[in-house]
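Visitor: Predicted model, plus sequence, below.
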Amino acid sequence: MMESERASFHAHVEHWQLRATRHAARRASQASDALDDAVDDQTQQLARSGLRSERMRSLSVWMGLDDIETDFVWWVVAAAIDPAIARDTQRPRRGASLAGFAELAGLDADRARDLAVRFACGHPLVTAGLVRVLDEELGAAAGFVPASRLIDYLLGDDTIESPVERTQIAVDERGRYLFDRDQLKVIAQIAELAAPGAKIVVALEGAARSGRRTAIAYGTYRSVLSVDFDRTPTSAIGPALRTLRRELVLSDAVPVLANLSIDRNAPEGLAAIGKFIDEERGPVVITGSLALPALPIDRPIVRLRWRVPDVAIRGALWRGAVERDLGPAIDEIAMRYRLGPGEIHRAVGSARAMKPRALADSVGASDLIAGVRHNIDEGMAGLASRIEVTQTWDDAVLPEDTRDQVHGLVARLRHAHLVLEKWGYRAKLARGTGVAALFSGPPGTGKTMCAGLIAKELDLELYQVDLSQVVSKWVGETEKQLAKVFDGAEAGHALLLFDEADALFGQRSTETKGATDRYANLEVNFLLQRIESFGGITILTTNLDTAIDKALKRRLAAHIVFATPDEEERAALWARLTYTASAPLAADLDFEELAQEFAAMTGANIRNCAIAAAFYAARDGAPKIEQKHLVRAARAEYRSMGHVLAERIRR
């Protein structure tokens, strides 16, 4: 096919080169019958089926070009690539003009004028970006040049231009794609809605790399041409859409605007997208992980939810990607991580990349988990960091009521499947099945530590959100950053920790005195909705629970108050935080005295003292950590806390 298109292409270029030569000869009064006969012979040869360009025929049908317009396209292409034509027509670097074409093609005045009017009124060749006008003010004398992509297309080259991407499924490969029952229902809806010529927008909402574009290609039996807006800055939206439109003219494909999430402060981007959609001849599909933005369009829109495949399909996808039998470990990984096919293949690729080259094909379950973690970390984009939990429940000194509440929260998470699924309580939930808890209390009382212990108990990854990176002064940016965090946590079997959550989940203003208040309220509204729909676990910690929005408190599975430890608890904290298996401790350490004299200390303060005392002992060359070292460290910590020191305690 490609060779025949190349032969046809070069035959048409030679034909117009010969016409240009004849035209130059006539202008020089050197016309000859031989040149006329050569042009006539070539014209007859091009009419034969063997030299017809199927690609030009398809383009002409799609764009409604008549024979004269089709000849003009060939003339523009030939003039751009053949130096002899530029020499014979005396128009170097000025393009091919309508006036010159009319002379070469022998058009009468009426037909030449009609062609000029069509191009003056926005010809589809120009609006699609296949042909560009060099200087519109010159009218019929203006030069036209072809897009390089048009030349490649006519030569039989199917390489598409960046940033457009192609997703295509060969008919004989359809059997290797796996979808669960719910996904197949959505695919059937896509196939019906996105039929050729349908003036509709299909919004497919789901996680990134979950197979959305593959599903569109699978359901419509057509290739998919897409622009990924995650990688397209606002300033580049217009050029990207023009490139997409040009590619759509050159192939039978479904246009997809992928990962669409335009800021509210970028109306020019939304306007360009709306214009593209309204001008497109057939259906347009938009995808995103968030609820997609409202678009300035007249077309009807249908929103579909695309979820990651179920555990059985995920297991099959893992086995296919690994290409070796890892036994039940694959099922455990599939159960643990809610990943789509794209993320699964990325995780396997990362796992192999971390192995020595000779062992790249022998990845095990631990390698796959490490690969998943690397990709989750990358997906968080520095917005949240994974925390390694080293403490145990023995390190947590809590009042009995608080400890009972914490273990009750663990039980709620551990037995969610039994209560929600088998006992039917999922139907009672308005939105998602995720769990949100608030830990409030003074600094150093164990809030963050307990969040880590819960994650460790449930075998979850713990990710602490970096609010300095999430919160942005730009409108809409905070929501986008949070969406990345929640999506990554949902896929990665992670517990999300928002430390100092009052900075983000503060009370909404009842009186919006300006744009700042209005958009701050929108951010809190988004957070409330996202926490409700989140399928995982969110723990918020705060030192000031009165600053937390009341609507959020109503959505909490638990609100656990961490009080300042009493004297008995402080003594226990001194004992546990000072002791290690290898630390040399003096036999006469009096933890009760320390707990009594330094009554304002919490667990974090006592931990600081224990470590500082060890360094004091090491500096003094003491064989053991003695009471005087603990007292010295405690007095220094107390001063830093702004408290008056007790003079009577022994030094």
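Guide: Ah, there it is.
Visitor: C-alpha only now, for contacts and for neighbours.
Guide: OK.
Visitor: residues near Val308, how many?
Guide: 23 (other CA atoms under 10 Å).
Visitor: I meant Ala633, not that one.
Guide: 21.
Visitor: What of the one 10 residues further on?
Guide: For His643, the count of nearby residues is 12 (other CA under 10 Å).
Visitor: Next, it: secondary structure please.
Guide: coil (DSSP: H, G, I helix; E, B strand; the rest coil).
Visitor: and the gap between Phe229 and Val285?
Guide: Noted for Phe229: a distance of 13 Å to Val285, by CA to CA, to the nearest Å.
Visitor: That should have said Phe72, apologies.
Guide: 34 Å.
Visitor: More neighbours: which of the two?
Guide: Val285 (25 against 21).
Visitor: and the gap between the more buried one and Ile273?
Guide: 12 Å.
Visitor: Over to Pro196?
Guide: Counting by CA to CA, the gap from Pro196 to Ile273 is 20 Å.
Visitor: just Ala612 next, same as before
Guide: 60 Å.
Visitor: go on, Ser582?
Guide: Taking CA to CA, one finds Ser582 at 65 Å from Ile273.
Visitor: more crowded one of these two?
Guide: Relative neighbour count places Ile273 above the other of Ser582 and Ile273, with 20 against 6, counting by other CA under 10 Å.
Visitor: Run through who's touching the helix or strand containing that one.
Guide: Element membership of Ile273, judged by DSSP states H and E, is helix 267-279. Defining contact as CA atoms under 8 Å, 6 or more residues apart in numbering, one finds that helix 267-279 is touched by 201, 234-235, 237-238, 241, 262, 284, 295-299.
Visitor: can you tell me which two in the residues you listed are farthest apart?
Guide: Spatial extent of the contacts of helix 267-279 (CA to CA) is set by the pair Ser235 and Arg299 at 25.0 Å.
Visitor: Please identify which of the two sits among more neighbours.
Guide: Arg299 (15 against 11).
Visitor: Tell me the pLDDT of Val73.
Guide: Per-residue confidence at Val73 stands at 92 (pLDDT).
Visitor: scratch that, Ala360
Guide: 66.
Visitor: elements contacting the top helix by length along the chain?
Guide: Longest helix in the chain by number of residues (criterion: DSSP state H): helix 2-27. With contacts taken as 3 or more CA pairs under 8 Å, 6 or more residues apart in numbering; DSSP states H and E, helix 2-27 sits against helix 33-47, helix 67-81, helix 83-89, helix 98-105, helix 148-154.
Visitor: Identify the residues contacting Ile237.
Guide: Taking CA under 8 Å, 6+ apart, one finds Phe229, Gly269, Ala272, Ile273 in contact with Ile237.
Visitor: Doesn't Leu462 belong to a helix?
Guide: No. Per three-state DSSP, Leu462 lies outside any helix segment and is strand.
Visitor: Just list the residues touching it, thanks.
Guide: So Leu462 contacts Arg386, Ile387, Glu388, Val389, Gly452, Ala455, Ala494, Leu495, Leu496, Leu497 (CA under 8 Å, 6+ apart).
Visitor: cutoff 7 Å now
Guide: Leu462 is in contact with Arg386, Ile387, Gly452, Ala455, Ala494, Leu495, Leu496, counting by CA atoms under 7 Å, 6 or more residues apart in numbering.
Visitor: Kindly report the same for Val471.
Guide: Thr478.
Visitor: Please pull out the lowest mean pLDDT helix or strand from the protein.
Guide: Across the helices and strands of the chain, mean pLDDT, DSSP states H and E gives its lowest value to helix 515-533, namely a mean of 61.
Visitor: Any regions of the stretch 451-600 of the chain where pLDDT drops low?
Guide: Residues of the stretch 451-600 of the chain meeting the criterion pLDDT under 70: 472-476, 505-526.
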